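Undergrad: need coordinates for the below:
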Amino acid sequence: MKPGVEVLDDAPGLGPLVEKKVFYDFRLRMWLSRGDPIRWSQPWGLYDRGRLEDDGTTLFTSLRVDREYMFAGLFYGVEGMRVGGTRRLRVAPHLGYREDGIPGVVPPNALLTVEVHVLAERGAA
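TA: This next block holds a predicted model:
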């Protein structure tokens, strides 16, 4: 695992291994270091396949496993996962949203906890 990404909990799943450059359906939830949930105002990833639940704290979306679609900590954090698996990660600011953050959503230099669940494979790009 890349320095700056720590696996806190891992339930492997029984499906095929997640591969780079392939689209998957994900469920994502994120928290700031104090435990405050991140609330999104709109889904990200492939917008036609994204939706928010739980007052914006749970994102369902399709993403390609690469650095274009994922922030660095998520990209490195899904390495070795399988479809059906869930992993909880701690992501250092330099692999998250860095010093810019996301105005109104993620403060600058935020330490993140990310829960990622790989729901299904969508196919290669």
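Undergrad: partners of the helix or strand of the chain with the lowest mean pLDDT in the sheet?
TA: Within the chain, no helix or strand scores below strand 51-53, which has a mean of 86 by mean pLDDT, DSSP states H and E. Strand 51-53 has its sheet partners listed here by DSSP bridges as strand 58-64 (antiparallel).
Undergrad: so what touches the strand it pairs with?
TA: The contact list for strand 58-64, computed with C-beta atoms under 8 Å, 6 or more residues apart in numbering, reads 21-29, 40, 43-46, 49-53, 69-70, 119, 122, 125. Any C-beta I mention is one placed from the backbone N, CA and C, and that applies to glycine too.
Undergrad: then stretch 87-100?
TA: So stretch 87-100 is contacted by 2, 4-11, 71-74, 76-78, 81, 106, 108-116 (C-beta under 8 Å, 6+ apart).
Undergrad: look up how far residue 121 lies from residue 30.
TA: From residue 30 over to residue 121 the distance is 23 Å, taken as C-beta to C-beta, to the nearest Å.
Undergrad: neighbour count for the two, which is higher?
TA: Comparing residue 30 with residue 121 by other C-beta atoms under 10 Å, the one with more neighbours is residue 30, at 24 against 15.
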